[in-house]
Every structure is written in structure tokens, then in C-alpha cells.
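Visitor: The following block contains a protein sequence and its predicted model.
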Amino acid sequence: MREGTELAWNAYSMLEQQIRLLEQNVDAAKIAELGYIQQFNVGRRSLLDVLDAKVEVFLARQNYVRSKYDRTFAAYRLLNAMGVLTYALRVEHPEEWQKEGDS
């Protein structure tokens, strides 16, 4: 149980750091795309350069969103390892589960 909790925590904290870096990557790709568009408008870049820049922005955003979902999944793993996942998700248990063993 301890190992599972440590792994879940490490995954969560690593993804927190990764998300910050990927957010910077999205911002940088967007700035580069805008620069390429401006250069295209004055005839210094080709349409292919602009499209490549747009693909880079798309991939950067895709990686960012994927990491956010991975972080959410890691949070669920951490809550599960701590034994509070159903409480955190506000899952109501059937009354039969609350009763002591009536056999």
C-alpha cells in the first residue's frame, strides 16, 4: 500500500511540473505561429511554414491537455491509495453495505 501511494504521489507531482513546462511550450508555439503569419503576410515565409507552425501549436496543445487528464487520473490513483476515492467522488453506498453482517 505504501509503495502504491508513493508511486501515485510521484506521478502526480511529476505531472504538475510537466504541465507547467507544456503550458510554456504552448505559449512559445503560439508566439512563433503569430510571427510566421506576420512574416507570411509580408512575403518572407511560405504557406508551408505557416502550416507547420499551426501543427506545432496543435501538438503542443494536445500534449498539454493530455497531461492535464493524466494528472487528474494520477489524483484519482492517489485518492484510491489513501482509501478515500469514493468519499472524494461523493459516491453514496447502498444501505445494505452499511449494515453489519446479517446472515
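Guide: Perfect, thanks for sending it.
Visitor: okay, the worst-scoring helix or strand of the chain on mean pLDDT in CSV with CA atoms only?
Guide: Lowest by mean pLDDT, DSSP states H and E among the helices and strands of the chain is helix 95-98, with a mean of 76. Taking C-alpha atoms only, helix 95-98 is exported to CSV below (Å, rounded to 0.1, in the frame of the first residue of the first chain):
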residue,chain,number,x,y,z
GLU,A,95,-27.7,0.9,2.7
GLU,A,96,-27.1,-2.9,2.6
TRP,A,97,-23.3,-2.1,2.6
GLN,A,98,-23.7,-0.1,5.9
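Visitor: Following element in sequence after whichever helix or strand residue 52 is part of, please.
Guide: Element membership for residue 52, per DSSP states H and E: helix 47-82. Per DSSP H and E, the first helix or strand lying C-terminal to helix 47-82 is helix 85-88.
Visitor: Any regions of this protein where pLDDT drops low?
Guide: 100-103 (pLDDT under 70).
Visitor: Longest helix in it, by number of residues?
Guide: If you go by DSSP state H, the chain has its longest helix at helix 2-41.
Visitor: helices and strands around that helix, which ones?
Guide: Helices and strands touching helix 2-41, by 3 or more C-beta pairs under 8 Å, 6 or more residues apart in numbering; DSSP states H and E, are helix 47-82. (C-beta placed from N, C-alpha, C; glycine too.)
Visitor: got the angle for the helix it packs on vs helix 2-41?
Guide: For helix 47-82 against helix 2-41, the angle by axes from the mean of the first three to the mean of the last three C-alpha atoms, to 10 degrees is 160 degrees.
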